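**Student:** got a predicted model here, sequence first, then my questions.
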Amino acid sequence: KSFRAHSREMRINEDRRGAQNGMNLTSEQRDAFKKSMMDTQKQLQPLRNQLGEVKAHQKTLMTAEKPDVNEVNKNIEKIGNLKVEMAKIQAKNRLEMRAQLTDDQRLMFDTHAGKMMHKRAGQGMRQGRGMQDAHPMRN
């Protein structure tokens, strides 16, 4: 695992611990959340792998001598379908976790999760292509 991936994982885990500590979860809730997150990750991993392969194929299609627009479009559909499937799994997990909470915990969960998603979006942007070009030593 790369240093960057390890650091990102640690930040996400810290965010989760912070959210869980602030919600005063019972040990049963913490265990259920942990199991649910592990199950979700197991479901998502093969889809992430497929998505990586389909995106790589998209590069191949786009850089061909004579790109086939129909093939490019079909591949874009595959990318979209994989992302939709992943989003559905994540939404189901979130709703299952949310259902285990009291009203007060649910309010904290909803509030904190929005902040976590905003943080993750910002992290992705910092690690995007534009920033790599701005910092050639990181490539």
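**Tutor:** Nice, I can see it. Numbering: from 1, shown residues only.

**Student:** next SSE downstream of the strand or helix carrying M37?
**Tutor:** Per DSSP states H and E: M37 is located in helix 27-62. Where DSSP H and E defines the elements, the next helix or strand beyond helix 27-62 is helix 69-99.

**Student:** if I look at F33, how far off is K42?
**Tutor:** With distances taken as C-beta to C-beta, to the nearest Å, F33 is found 15 Å from K42. C-beta: built from backbone N, CA, C; applies to glycine.

**Student:** ok, now A64?
**Tutor:** If you go by C-beta to C-beta, the gap between A64 and K42 works out to 35 Å.

**Student:** and for N24?
**Tutor:** Relative to K42, N24 is positioned 28 Å away (criterion: C-beta to C-beta).

**Student:** where are the low-confidence patches of the protein?
**Tutor:** Counting by pLDDT under 70, the chain contains low-confidence residues at 1-21, 114-139.

**Student:** try 90
**Tutor:** Applying pLDDT under 90 to the chain picks out residues 1-25, 108-139.

**Student:** run a quick neighbour tally on G80.
**Tutor:** As a burial measure, the neighbour count of G80 was computed by other C-beta atoms under 10 Å and equals 11.

**Student:** L25 too?
**Tutor:** Neighbour count of L25, defined by other C-beta under 10 Å: 20.

**Student:** do the same with the one 5 residues further on
**Tutor:** Taking other C-beta under 10 Å as the neighbour definition, R30 ends up with a count of 14.

**Student:** what do you get for E96?
**Tutor:** A total of 14 residues lie near E96 under the criterion other C-beta under 10 Å.

**Student:** so who does it touch?
**Tutor:** E96 makes contact with S36, according to C-beta atoms under 8 Å, 6 or more residues apart in numbering.
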